[in-house]
Every structure is written in C-alpha cells, then in structure tokens.
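>>> Here is my input; please provide its structure:
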Amino acid sequence: MVTYFRVGSVRLSASFFRGPAYALFLWAWNVLKYVAVGSLIWIIGALFFGDSMAFRSRSGPVQLVVVDVTSKSNPEGGYSYCTVFALAEPAAPRQEYAGNTCSRVRPHEPGDIVPGRYDPDSGEMRSDQMLGSAHWFGWLARVLGVFLGLEGVLILLGLPEHRLPLRIRVRSRPRHHALFGS
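Got it, this is the predicted structure:
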C-alpha cells in the first residue's frame, strides 16, 4: 500500500520524502530562500539609502529649530518619536515641517537648534542625525542582502546550510542540545 500526501494541488507519495528528488527539492528551496530574502532585504536597503541620497542632493544645508517632539505608542508597548522642525532663520511666517520620519529613540529635544537640510520645493526638513540614521540603515541592509545572496550561491555550489554563518529558518525546530556543552 502506498501512502500519499497532498501538498496544495500536488499529490506526493511517501517515497518522495526519502528519495533523491526530495533532496533536490530541499536544495533548490534553500537556494531560492536565501536569494529571495537577500534580494528583498537589499531592495529595502536601497530604498532607504536612495531616499536619503536623493534628499541630500536636492536640499541645502540649514540650521533647524526643533519645535516639538510628539510621541506615538506602538502595539509592542514602546513609543515612536516624531520631530517637528522649523527653519532657525527669523522669517515671518515661520514654516514648520512635521514630516513622516519617526524613530524609537528620541533624537532631539524641543528648542534644540540642530544642523539639517531643507528642500525649498517640497518644504521638507530633516536633521543631519535623522538623515544619517536612514543612510546607515540603508547601507547596512544592502550589505546584509548581498551577504544572504552570496550564501545562496554557496549553497548552490554545494556548501551545506548548517555551515553558513547566517541561517534562515522557515519554521522553528526543537533543539536537543546539552547546556554548556556537558
């Protein structure tokens, strides 16, 4: 008697999960998993990096006054802080920019005068500290994406997944390790 398993609309026999076809399937899945996740992380990093570089190229350096720092609570119980900026120049009426860039760390205090950048066409203002954080995060995500993609190539060349420095798990598996190597 042959036992069959249904995976979506595909019907597989139990012998599939013990044979070379299953090993080939797992190998291809691991390569795809690392390359896909690496590509996705690289794209996210490129968006952050590209946005900060584009803003830096179309804006000019200015001094900004922190008008207000608003906080929003997160579902995890933490807070996000959003900064409201205005130009430090005494111009009437004073133009303020609330922006959509928030962070988990309170970057500035109300009344602080900070170096930043101002785009006169859109009215957008960002402090150098917040712009640098987005730039750094984009760079780090791009490097991590390339690293995961290279791990996919190493799997393609025959390196076993358990020997990789960074591993991607689709589901958690119970581990049976003795504590402290004993």
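
>>> how about the strands in the chain?
Under the criterion DSSP state E, the chain contains strands at 4-7, 10-13, 60-73, 79-87, 96-97, 102-103, 113-119, 124-127.

>>> winner for burial among those strands?
Neighbour counts (mean count of other C-beta atoms under 10 Å) averaged over each of the strands of the chain peak at strand 124-127, with a mean of 21. Heads up, the C-betas are built off the backbone N, CA and C, glycines and all.

>>> so residue 74 makes contact with residue 102?
No: using C-beta atoms under 8 Å, residue 74 is not in contact with residue 102; the gap is 10.0 Å.

>>> can you list residues touching both of the two?
Shared contacts of residue 74 and residue 102 (C-beta atoms under 8 Å, 6 or more residues apart in numbering): residue 80.

>>> Show me what the helix ranked longest in the chain is packed against.
If you go by DSSP state H, the chain has its longest helix at helix 20-58. Packing partners of helix 20-58 (3 or more C-beta pairs under 8 Å, 6 or more residues apart in numbering; DSSP states H and E): strand 113-119, helix 128-156.
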